[in-house]
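Peer 1: coordinates only, sequence not included:
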């Protein structure tokens, strides 16, 4: 893209919006400036513009996003048929497995949930469409990273904060690349409490009719009930059934 085609003010405004999150529901100008690494004057103008347009509330010190901001996310959900197409299949998968089932896509270093059928809460955070998790330590993330060229996967790992979430979390880039190769060869990924203690999950890619990976689906279960060593035997065949049912529906 040519430099003259980039609207820098718009880009900075989007960066300010992305500074808000589940643990950052209220932000001051100083806090948003630190999070975005933008100067305070730029952040102030962006936040006041959001408030003027109804996308944020301002109490004189703190800014909070308003429900109007959901229009931006809804635009994606309305413009792509993927979430609506996946949801009934996830509902059926979840019912058969007796566990929560989810679908996600890769966005930079993270996965973004686009559909979910929940049986019970198995994580400390509440996962819903729009939720994000680091790709390197999530089962769906590993499936999606394994579908990329190895050089591209390495580049994403280089940009990721490879955090030791639990004693089981793998953070060594070479070890992760080796795991991506295994996932690519075997067609599934299992996570054993690498994202959070007490959570195991298994994921497979969702391919379109040309064999291109467009998303991932998974089943998550409490480790106390279903150890990682049992995930493949219990759930892989169900995931493969769903994978096969979806493929002819996903036309490029």
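Peer 2: Received, thanks. A quick note: this is a predicted structure, and the numbers were derived from the prediction, not measured. Numbering: from 1, shown residues only.

Peer 1: check contacts around residue 165.
Peer 2: Taking CB atoms under 8 Å, 6 or more residues apart in numbering as the contact definition, residue 165 lies against 137, 194-196. Yep, even glycine has a C-beta here, placed from its N, CA and C like the rest.

Peer 1: let me fix that: residue 90
Peer 2: 101-103, 115-117, 217, 242.

Peer 1: now the strands for the stretch 51-200 of the chain?
Peer 2: Counting by DSSP state E, counting those that start in this stretch, the stretch 51-200 of the chain has strands at residues 56-58, 63-65, 100-107, 110-117, 132-134, 189-192, 199-207.

Peer 1: the longest one vs strand 100-107, what angle?
Peer 2: Looking back up the chat, that one is strand 199-207. 60 degrees (axes from the mean of the first three to the mean of the last three CA atoms, to 10 degrees).

Peer 1: give the other helices and strands that strand 199-207 contacts.
Peer 2: If you count contacts as 3 or more CB pairs under 8 Å, 6 or more residues apart in numbering; DSSP states H and E, strand 199-207 packs onto helix 139-146, strand 189-192, strand 213-222, helix 228-246.

Peer 1: residues making contact with the first one?
Peer 2: Under the contact criterion CB under 8 Å, 6+ apart, helix 139-146 has outside partners 102-106, 110-111, 133-136, 153, 156-157, 176, 179-181, 183-184, 188-191, 201-205, 213, 215-218, 220.

Peer 1: give me the buried entries from the residues you listed.
Peer 2: 102-106, 110-111, 133-136, 153, 156-157, 176, 179-180, 183-184, 188-191, 201-205, 213, 215-218, 220 (16 or more other CB atoms under 10 Å).

Peer 1: ok, now which ones touch residue 39?
Peer 2: residue 33.

Peer 1: same check, this time on residue 231
Peer 2: 190, 200-202, 219, 221.

Peer 1: backbone dihedrals for the residue nearest to residue 16 when sequence neighbours are not counted, both of them.
Peer 2: Spatial nearest neighbour of residue 16, excluding adjacent residues (CB to CB, 6 or more residues apart in numbering): residue 46 at 4.3 Å. The phi and psi values for residue 46, taken as degrees, to the nearest 10, are phi -60, psi -50.

Peer 1: that's all I had, so thanks and see you.
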